[in-house]
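In: Model the structure of this input:
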Amino acid sequence: MTAHTWLVRHGVRAGVAAAILMPQTVLAQGLSQRIASAPDGAVQFAYAARPGVCGNGRTYYSINGSMWFGSMNDNTLRSDPCQPGPVRVVLGRAGKEIVDVNVYVGPAPAQQSSGVTDLGTVPAKDAADYLLSLAAKVDGRPGRDAITPALLADSATVSPQLLAIARDQTRARETRSSAINWLNRAPDERGGVSPSQLAKALGDMARDENDNQQVRQSALRVLARQENAEGIPALIDISRSTQDVWLGKQALSVLAQSGDPRARTYLRTAVQRPDLNDEMRVAAIRGIGRDYATSQDAEFLRGLYAKLPSERAKEAVLESMGEMGGTANAKWLITIAGNNDESLRLRRRAVQLSDRAGTSVADLSKLYDQTADPQMQDAIISTLANNGTKAATDKLLAIAKADQNYQNRRRAVNALGRSDDPRVKDALKDIVEK
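Out: Numbering: from 1, shown residues only. As a prediction, this is how the structure comes out:
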């Protein structure tokens with residue numbers, strides 16, 4: 001006995017039986033056909049939302065309370081609380097062509113817009129399949145905007161279709177990048193792309209030198225954000241094995257945005273490789289000194305400085321110390337600034353960055369008095385002017401009044417001319433009169 005015969009014998013009508021037995025793709029085609037056959041103008045349909053998806057039905061919606069879309073503020077939340085679905089999609093059409101995809105979550109307004117064909121409630125999986133089919137074939141913003149409402153559909157498995165869109169090099173790069181970014185958040189319960197499969201697919205996309213760089217960057221960023229740090233080994237492998245300098249730099253940069261211990265250890269190892277391309281070494285140094293940097297990282301970079309083969313790499317260390325700040329880094333920068341064995345460019349840069357790191361005016365003043373190089377003195381005068389404290393102003397006044405170098409006195413006067421300190425006006429008047 002066939003399944004169809006069993007259904008009919010048990011009193012299920014033929015039309016319902018056909019719908020039960022109909023493949024999912026056919027059902028999605030049914031929604032597509034209903035939309036295509038609707039009168040010209042906008043079409044809307046609704047479907048069940050995933051748990052955690054809520055909105056006010058008009059101006060905003062949220063996913064799990066961590067991602068918010070639309071227009072809202074605290075007053076809106078108080079007067080218009082976030083209520084569970086359904087999801088409502090309104091397709092703007094020019095004739096039969098879809099030109100706009102708008103999504104709403106929550107109770108529908110009592111007064112519906114005129115001229116909109118309402119298809120009522122449809123199965124959530126059908127809605128997701130239809131919306132992702134739009135993303136796969138419609139160019140521009142409508143295709144990109146069709147992705148998010150597909151992810152809101154209850155119990156729908158969307159990651160295989162998202163991955164197909166992400167891989168499709170005939171699609172617009174914005175649509176592909178959107179699909180990649182959502183892949184890591186796709187709430188598939190079963191039948192979706194596994195984390196390891198996703199890591200491999202994203203790694204393959206990132207390595208494809210014939211693909212769009214924006215898409216490749218999106219793949220690298222999602223690798224770094226994968227749950228349970230699944231993508232970290234793939235990023236390390238890309239950085240270690242690639243001959244593509246651009247890709248290597250990008251992989252190191254996204255590794256630096258991860259607090260994963262494996263990423264931090266790899267960055268410290270990579271930066272010491274004698275065969276590492278200089279641009280990649282600079283990217284690794286900057287990565288070590290960014291968001292997750294510790295005092296141990298600072299100590300490591302300061303110890304590495306003298307061994308580095310290029311000025312660019314050394315400057316990256318200086319910049320990292322300036323960004324990290326702290327007494328130890330500030331004093332080290334002043335030491336570099338006072339080291340005559342360093343290039344003048346690096347010494348001047350160290351002066352500028354020492355102020356950002358929090359060096360004292362006393363240390364800057366001492367360095368000024370100890371150096372005879374006019375260019376170094378110029379850098380210190382500029383740094384004192386940017387410092388803006390009373391102590392810095394006092395040192396500038398002393399230079400303007402008594403420095404033996406006429407050019408330095410002029411530089412100090414020019415710097416003081418931008419000061420708001422009330423003492424400066426009288427002091428400058430006395431200098432001019434003399």
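In: and the helix or strand Ser196 falls within, what does it pack onto?
Out: Assigned by DSSP states H and E, Ser196 belongs to helix 195-207. Using 3 or more C-beta pairs under 8 Å, 6 or more residues apart in numbering; DSSP states H and E as the contact definition, the elements that helix 195-207 packs against are helix 159-167, helix 173-183, helix 213-225, helix 232-241, helix 245-256. The C-beta positions use only the backbone N, C-alpha and C, and glycine is treated the same way.
In: Contacts made by it with the rest, please.
Out: Helix 195-207 has contacts (C-beta atoms under 8 Å, 6 or more residues apart in numbering) with 159, 163, 166-167, 180, 183-184, 193, 211, 215-216, 219-220, 222-223, 226-228, 230-231, 233-234, 237-238, 242, 244, 247, 250-251.
In: Whichever of those residues end up buried, select them in ChimeraX.
Out: A single ChimeraX command selects the buried members of those (16 or more other C-beta atoms under 10 Å):
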select :159,163,166,167,180,183,184,193,211,215,216,219,220,222,223,226,230,231,233,234,238,242,247,250,251
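In: Val103 falls within a helix, correct?
Out: No - under DSSP: H, G, I helix; E, B strand; the rest coil, Val103 sits outside any helix and is assigned strand.
In: one step back: only alpha carbons, please: show the helix holding Ser196 as PDB.
Out: In PDB, the C-alpha atoms belonging to helix 195-207 read as follows (Å, rounded to 0.1, in the frame of the first residue of the first chain):
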ATOM      1  CA  PRO A 195      31.500  24.000  12.700                       C
ATOM      2  CA  SER A 196      34.400  22.000  11.200                       C
ATOM      3  CA  GLN A 197      32.700  22.000   7.700                       C
ATOM      4  CA  LEU A 198      32.200  25.700   8.000                       C
ATOM      5  CA  ALA A 199      35.800  26.300   9.000                       C
ATOM      6  CA  LYS A 200      37.100  24.400   6.000                       C
ATOM      7  CA  ALA A 201      34.700  26.200   3.600                       C
ATOM      8  CA  LEU A 202      35.600  29.600   4.900                       C
ATOM      9  CA  GLY A 203      39.300  28.800   4.700                       C
ATOM     10  CA  ASP A 204      38.900  27.700   1.100                       C
ATOM     11  CA  MET A 205      37.200  30.900   0.300                       C
ATOM     12  CA  ALA A 206      39.800  33.000   2.000                       C
ATOM     13  CA  ARG A 207      42.600  31.200   0.100                       C
END
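In: in it, what's buried?
Out: Buried-residue list, helix 195-207, by 16+ other C-beta under 10 Å: 198-199, 201-203, 205-207.
In: Format those as CSV; extra columns: distance to Leu131.
Out: Below are those laid out as CSV (distance: C-beta to C-beta, whole Å):
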residue, distance to Leu131
Leu198, 21
Ala199, 26
Ala201, 21
Leu202, 23
Gly203, 27
Met205, 23
Ala206, 27
Arg207, 30
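In: What is the nearest of the residues you listed to Leu428?
Out: Leu428 lies nearest to Ala206 out of these, by C-beta to C-beta, at 58.7 Å.
In: Could you find the closest non-adjacent residue to that closest one?
Out: In space, and not counting its chain neighbours, Ala206 is closest to Ala219: 4.4 Å by C-beta to C-beta, 6 or more residues apart in numbering.
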